[in-house]
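Colleague: Whatever this is, show me its structure:
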Amino acid sequence: MTIDIKDSVQEIVMKCPEAAEVLKGLGFDQIVNPMMLKTMAKFMTLPKASKMKNIPMDRIIDAFGEKGITVADSNSAGQVEGI
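Modeller: Residues are numbered from 1 along each chain as shown. Next up, the predicted model:
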């Protein structure tokens, strides 16, 4: 499965439901709350979440990779290595 770094967290979780557990494991506990998924997650991207929680993008990308999920950037060629 590949997710796009530019997508909102809501779009990512709708496309790839296991992404919610990856994010929860990284400390984004509220992501499993349906209300948060319908509201805040609409506007939150992985880079914004990274900044908000002070978690390096490399760590987020690695956590997704461990679950077989590739984080890609549709505006560049291929997988994102870090931001």
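
Colleague: Can you get me a residue count around K53?
Modeller: 12 (other Cβ atoms under 10 Å). Bear in mind the C-beta positions are built from the backbone N, C-alpha and C, glycine included.

Colleague: Oops, could you answer that again for T2 instead?
Modeller: 13.

Colleague: So for it, what pLDDT did the model give?
Modeller: Model confidence at T2, given as pLDDT, is 92.

Colleague: So it is in contact with G68, correct?
Modeller: No - counting by Cβ atoms under 8 Å, G68 is not a contact partner of T2; they are 10.1 Å apart.

Colleague: next SSE after whichever helix or strand M35 is part of?
Modeller: Per DSSP states H and E, M35 falls inside helix 34-38. Per DSSP H and E, helix 34-38 leads on to helix 46-53 as the next helix or strand towards the C-terminus.

Colleague: List the buried residues in the lowest-mean-pLDDT helix or strand in the chain.
Modeller: Lowest mean confidence among the helices and strands of the chain (mean pLDDT, DSSP states H and E): helix 34-38, at a mean of 84. Buried residues in helix 34-38, defined by neighbour count with 16 or more other Cβ atoms under 10 Å: M36, L37.

Colleague: where's the residue nearest to the spatial centre of the chain relative to L23, distance?
Modeller: Nearest residue to the geometric centre of the chain (Cα atoms, centre = their mean): L46, 4.4 Å. Noted for L46: a distance of 9 Å to L23, by Cβ to Cβ, to the nearest Å.

Colleague: Overlap of the contact sets of the two?
Modeller: Counting by Cβ atoms under 8 Å, 6 or more residues apart in numbering, the shared contacts of L46 and L23 are V9.

Colleague: How many neighbouring residues does the closest residue to the residue nearest to the centre of the chain other than its chain neighbours have?
Modeller: Sequence neighbours aside, I5 is the residue nearest to L46 in space, at 5.4 Å (criterion: Cβ to Cβ, 6 or more residues apart in numbering). As a burial measure, I5 scores 21 neighbours (other Cβ under 10 Å).
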